[in-house]
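# Show me how the following folds:
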Amino acid sequence: MGLDGLQDQRILFDFLTNRIVIEDADETRGRLKSREIIVTAKRRSGQLIFTDATIAGIEVNVIVDTGAQMSIGNLALRQRLQRRAKELDDADLLIAVTGETLGVEFGMVRDFRIGRARFPRLSVAFADSPPFERFGLADKPTLLMGMDVLRKFDQVAIDFPRRKIHFLTPKNTRQFVDEPLNQRIHF
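This is a model prediction of the structure:
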């Protein structure tokens, strides 16, 4: 289903029950949960773009890409991070959902923040991917946030008409402190 069919909808990814629910956004108003983080977006070409985000202190645009298994940063983001990063892994290939083969570099970024959510480390593929150009963001640090990040939450709801994304943090968020650094989430 394309974005044009979701503009009046709310899509809920419930990772606890492994369900995706598409519902009328007007019928889903409910009480906020204390574990819920809400981030407001701007709309560009039907896509929601979040600007309340940083990686290693660098302001980034974030586009939620539910079709991507992993997060992809553009080359402008990679260039800004190279000054701060120790090293990026060797170049590799990534096959896009369109079947295109993209040359990518994999790296670990530090201190990814979106709203109140913070990830001390995040694995990112860096590529010159067509969506960056399509949204006019090829020259601005941008991250396509994939399912690798979204699955760290119990639920994620994208409310298209209100331009908001709701992240429901795991009940045991405090327990992440004892897990390996790349698994921690802080709120």
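
# Pull up the pairing partners for the longest strand belonging to the chain, direction included.
Assignment by DSSP state E gives strand 101-114 as the longest strand of the chain. Counting by DSSP bridges, the strands paired with strand 101-114 are strand 53-55 (antiparallel), strand 91-95 (antiparallel), strand 117-126 (antiparallel).

# For those strands, which has the smallest mean pLDDT value?
Ranked by mean pLDDT, these bottom out at strand 91-95, which scores a mean of 43.

# So which residue is smack in the middle of this protein?
With distances taken as CA atoms, centre = their mean, Met145 lies nearest the centre of the chain, 2.5 Å away.

# follow-up on the earlier one: take the strands paired with strand 101-114 and lay them out in CSV including distance to Arg151.
Just so you know, the C-beta spots here come from the backbone N, C-alpha and C atoms, and that holds for glycine as well. Output for the strands paired with strand 101-114, formatted as CSV (distance: least, CB to CB, whole Å):
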stretch, distance to Arg151
strand 53-55, 18
strand 91-95, 19
strand 117-126, 12
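
# Pipe those strands into CSV and attach distance to Gln69 and mean neighbour count per row.
Listed next are the strands paired with strand 101-114 as CSV, based on distance: least, CB to CB, whole Å; neighbours: other CB atoms under 10 Å:
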stretch, distance to Gln69, mean neighbour count
strand 53-55, 19, 20
strand 91-95, 10, 12
strand 117-126, 10, 20
